[in-house]
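Engineer: sequence and predicted model, in that order:
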Amino acid sequence: MHTDPHKDLHSERGALRGEHPGRAADPVIKVVDLAWLEFGKPDLDRAEIFAGDFGFTTVERTPALLRLRGALPGTDCLVIRKDTASRFAGPVF
C-alpha cells in the first residue's frame with residue numbers, strides 16, 4: 001500500500017508536485033508569504049540607480065539603508081543595507 005507523505009502536512013491545497021517528501025508533520029514555522037529580499041551593497045547610490053532601471057521605486061533612503069518597492073503601490077520588496085561588499089543577506093518572510 002502506498003501512503004502519501006504529504007497528506008495533511010502543511011498546505012490547505014495538499015501536496016505540491018516536487019516537494020520534499022521528508023517535511024515535518026508539524027513544523028515550528030509555517031511561512032505564508034515572502035515579505036522582501038535583503039541585500040548588502042557598498043554603494044547605495046549605484047544600487048538605487050540600478051534598481052530604478054528595473055522599475056523599482058525608492059520608498060526610503062538613509063545613509064545606511066535603501067528601501068524599494070515595485071512599480072505598483074504596496075509594501076517594500078527590496079531592502080539594501082550599506083555593507084563592505086555586495087551580498088545577498090536573505091529573504092524575509
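Structural biologist: Yep, it's here.

Engineer: report the helix or strand with the lowest average pLDDT across this structure.
Structural biologist: strand 87-92 (a mean of 91; mean pLDDT, DSSP states H and E).

Engineer: tell me which strands and helices it is in contact with?
Structural biologist: Strand 87-92 is packed against strand 36-41, with contacts defined by 3 or more CB pairs under 8 Å, 6 or more residues apart in numbering; DSSP states H and E. (Glycine included, C-beta is placed from N, CA and C.)

Engineer: helices or strands next to the strand it packs on in the packing?
Structural biologist: For strand 36-41, the packing partners by 3+ CB pairs under 8 Å, 6+ apart come out as strand 78-82, strand 87-92.

Engineer: mind listing what's buried in the longest one?
Structural biologist: So the one you mean is strand 87-92. Using 16 or more other CB atoms under 10 Å as the test for burial, strand 87-92 gives no buried residues.

Engineer: so in that sheet, which strands flank that strand, and in what orientation?
Structural biologist: According to DSSP bridges, strand 87-92 forms sheet pairs with strand 36-41 (antiparallel).

Engineer: then the shortest one?
Structural biologist: Note on strand 78-82: by DSSP bridges, its sheet partners are strand 36-41 (parallel), strand 65-69 (antiparallel).

Engineer: residues making contact with that strand?
Structural biologist: Contacting residues not belonging to strand 78-82 are listed as 36-42, 44, 47, 51, 56, 63-69, 89, 92 [CB atoms under 8 Å, 6 or more residues apart in numbering].

Engineer: buried among the residues you listed? Need that as a selection in PyMOL.
Structural biologist: Here is the PyMOL command that selects only those of the contacts of strand 78-82 that count as buried (16+ other CB under 10 Å):
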select buried, resi 37+38+39+40+41+44+47+51+56+66+67+68+69
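
Engineer: which residues sit against stretch 55-69?
Structural biologist: With CB under 8 Å, 6+ apart as the criterion, stretch 55-69 contacts 41, 44, 47-48, 51-52, 70-71, 75-82.

Engineer: how far off centre is that stretch?
Structural biologist: Taking CA atoms, centre = their mean, to the nearest Å, one finds the center of stretch 55-69 at 16 Å from the center of the full chain.
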